[in-house]
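*Asks:* Here's my sequence, what's the structure:
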Amino acid sequence: MQAVIFDMDGTLIDSEPMWKEAEKQVFSSIGVEVTDKLLSQTVSMTTREVTEFWYSHFPWSGKSLDQVENEVVERVAELISEEGVALEGVREILNFFKNKKFKIGLSTNAPSKLIPVVLNKLNISHYFHATSSSEHEIKGMPDPAVYLSTAKKLNVEPSKCIAFEDSISGIISVNQANMRTVVVPNISEFADNKFEISYIKRRRLSDFSDVHLDRIANEMS
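*Replies:* Coordinates of the predicted model:
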């Protein structure tokens, strides 16, 4: 194995509450009735898909979809800058792979402008050799495109990549890209059988060790 690729939201940073707050603030301001039930359906969507989702339920006038989408992204960026903290084990896992001379990448469904906001806030941008956003792909996760793009930028065959994810759509994306998935789900969902489609499951990023790396390497050889 030669490279590791990390998802961003929910894997490196607990940004889901910030996305929910930004959605509530921005969409409520234009007359959308934002409910927790509907919010739960937007978690794994791209920002454009989220905007189209709310527009299909509560069409608004006066602002274009692009304007509203940008307002949400700007609000998320503000919240991350104010409140963002790394999830447990982020620096440990990055050092683990850095010390093994792995190339390190990032793939996210979030807009590209949020990548430096997150990496700078967590002070981890210097670890990454390449980043990709689904914003620049035809389809977001669970399509594999954003993971394949990062592997290409790293100049590593997808089969030589390990990817860390927290969501089902992300795992599907990684699996379809022919990479090995390590899932670190939200602790409230840890026992859910749906995560069995991942190659390895851990409670925190730093629980990944040489034992797991050897298991992946031996299985691939």
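
*Asks:* ok, residues contacting the helix or strand bottoming out on mean pLDDT in the chain?
*Replies:* Across the helices and strands of the chain, mean pLDDT, DSSP states H and E gives its lowest value to helix 36-39, namely a mean of 89. Contacts of helix 36-39 with the rest of the structure, by CB atoms under 8 Å, 6 or more residues apart in numbering, involve 20, 23, 24, 53, 54, 57. Yep, even glycine has a C-beta here, placed from its N, CA and C like the rest.

*Asks:* how distant is stretch 12-19 from the center of its chain?
*Replies:* Distance, stretch centre to chain centre, for stretch 12-19: 10 Å (CA atoms, centre = their mean, to the nearest Å).

*Asks:* Residues contacting it, please?
*Replies:* Contact partners of stretch 12-19, identified using CB under 8 Å, 6+ apart, comprise 6, 8-10, 42-43, 76, 79-80, 83-87, 90, 106, 110, 118, 121-122, 124.

*Asks:* Check the average confidence over that stretch, would you?
*Replies:* Model confidence over stretch 12-19, given as mean pLDDT, is 93.

*Asks:* in the helix or strand harbouring residue 146, what's buried?
*Replies:* Of the helices and strands defined by DSSP states H and E, residue 146 is found in helix 145-154. By neighbour count with 16 or more other CB atoms under 10 Å, helix 145-154 contains the buried residues 145, 146, 147, 148, 149, 150, 151, 153, 154.

*Asks:* Nearest to residue 2 among those residues?
*Replies:* Here the nearest of those to residue 2, counting by CB to CB, is residue 154; it sits at 8.1 Å.

*Asks:* ends of stretch 194-207, how far apart?
*Replies:* 20 Å (CA to CA, to the nearest Å).

*Asks:* quick one on the thing from earlier: most widely separated two among the buried residues of helix 145-154?
*Replies:* Based on CB to CB, the longest span within the buried residues of helix 145-154 runs between 145 and 154 and measures 15.0 Å.

*Asks:* picking that back up, please point out which parts of the least confident helix or strand of the chain sit buried.
*Replies:* By neighbour count with 16+ other CB under 10 Å, helix 36-39 contains the buried residues 38, 39.

*Asks:* repeat for stretch 10-21
*Replies:* 10, 11, 12, 13, 14, 15, 18, 19, 20.
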